[in-house]
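In: Here is a sequence with its predicted model. Questions after.
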Amino acid sequence: MTATVFGATGLVGSVLIEQLINDKRFTTIKAIVRKKGVFDDAKIIEVETDFSKSLNNTVNTGQEIYFCCLGTTLKKAGSKNAQQIVDRDYPIEIAKQAEALGVNKMICVSSVGADSSSNNFYLKTKGEMEVGVASHMHANAIFVRPSMILGDRKEKRIGEKIGKVFMTFLNPLFVGSLKKYKSIDAHDIAQAMIYAAFNNVSNIMDYEMMIQVKN
């Protein structure tokens, strides 16, 4: 089985790569990167890609899973339009390619509360991404919906760091229907994505579902 990871250098993507390397079910990992030289492992093939121009992943090995971990912040993107391109438009273009190549599944990182009709810009963008990806991959599209993601990022986000401190105290208060708002570690998200690659799961995986598949 081949795993193709988009957003391989981000928090979830990099953790996912680590787990895929140690998973014997995957013989090849295609890491879609802006510039080669990021990963050094015999299982990894780096595919240098400029998303603004084209997708350079045009060969399906026959048994292939797409993992999409693309995402950015408004501050880093510079504008709402630029953030929508990364968080919504690129995943939809990837789904178009996946459909054309006959890729087995496409598993995407989305967000708790994603809704294409939401008045919240971020949640609306993620919701539109889900609708667009599903329009191409149909039942083969799976979306994991975490709340705040915990883990060691290469880039420092002060607001997120403060948020994580608060979530440490708030997590125990999220019970019942509020469990989906609990913060979750990137390792648990990656593990859930791999589980979804080989098992029949709901098209939407919330916090509880991701935690349930923890080994």
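Out: Good, I have the coordinates.
In: Mind jotting down where the strands sit in this protein?
Out: Secondary structure of the chain (DSSP state E): strands at 2-6, 28-33, 44-48, 64-68, 105-109, 141-144, 149-150, 184-185, 204-205.
In: What average pLDDT does the longest one get?
Out: Averaged over strand 28-33, pLDDT sits at 94.
In: Give me the contacts around it.
Out: Strand 28-33 has contacts (Cβ atoms under 8 Å, 6 or more residues apart in numbering) with 1-9, 17, 20-21, 38-39, 41, 43-49, 55-57, 61. Any C-beta I mention is one placed from the backbone N, CA and C, and that applies to glycine too.
In: Show the contacting residues for the residue nearest to Met193 when sequence neighbours are not counted.
Out: Leaving out its chain neighbours, the residue that sits closest to Met193 by Cβ to Cβ, 6 or more residues apart in numbering is Ile107, at 4.9 Å. Contact partners of Ile107, counting by Cβ under 8 Å, 6+ apart, are 65-68, 141-144, 193, 196-197.
In: swap the cut-off to 7 Å and go again
Out: 65, 67, 142, 193, 196-197 (Cβ atoms under 7 Å, 6 or more residues apart in numbering).
In: Quick one: these as CSV, columns for neighbour count too.
Out: Listed next are the contacts of Ile107 as CSV, based on neighbours: other Cβ atoms under 10 Å:
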residue, neighbour count
Ile65, 25
Phe67, 29
Ile142, 24
Met193, 29
Ala196, 23
Ala197, 21
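In: Can you tell me which of the residues you listed lies closest to Ile204?
Out: Ile142 (7.9 Å; Cβ to Cβ).
In: and the gap between that closest one and Ala98?
Out: To Ala98, Ile142 is 12 Å away according to Cβ to Cβ, to the nearest Å.
In: how about low-confidence regions in this protein?
Out: 54, 56-62, 153-178, 181, 214-215 (pLDDT under 70).
In: how about a cut-off of 80?
Out: For the chain, the stretches with pLDDT under 80 are 52-62, 151-181, 214-215.
In: Next, count neighbours for the residue nearest to Gly7 when sequence neighbours are not counted.
Out: In space, and not counting its chain neighbours, Gly7 is closest to Cys69: 3.5 Å by Cβ to Cβ, 6+ apart. For Cys69, the neighbour count with other Cβ atoms under 10 Å is 27.
In: Lys53 now?
Out: 7.
In: follow-up on the earlier one: tell me the one of the contacts of Ile107 nearest Ile149?
Out: Of all the contacts of Ile107, Met193 has the smallest distance to Ile149: 12.6 Å, by Cβ to Cβ.
In: Can you give me the distance of that closest one to Ile65?
Out: 9 Å.
In: can you check Asp206 too?
Out: If you go by Cβ to Cβ, the gap between Asp206 and Ile65 works out to 21 Å.
In: What of Lys80?
Out: Counting by Cβ to Cβ - Lys80 and Ile65 are separated by 31 Å.
In: again, but for Phe6
Out: Distance, Phe6 to Ile65, using Cβ to Cβ: 12 Å.
In: just to revisit the earlier point, quick check, nearest of the contacts of Ile107 to Met148?
Out: Met193 (17.5 Å).
In: which residues touch that closest one?
Out: 16, 67, 107, 144.
In: rerun that using 10 Å as the cut-off
Out: Shown in contact with Met193 (Cβ atoms under 10 Å, 6 or more residues apart in numbering): 3, 5, 12, 15-16, 19-20, 65, 67-69, 105, 107-109, 142, 144, 205, 210, 213.
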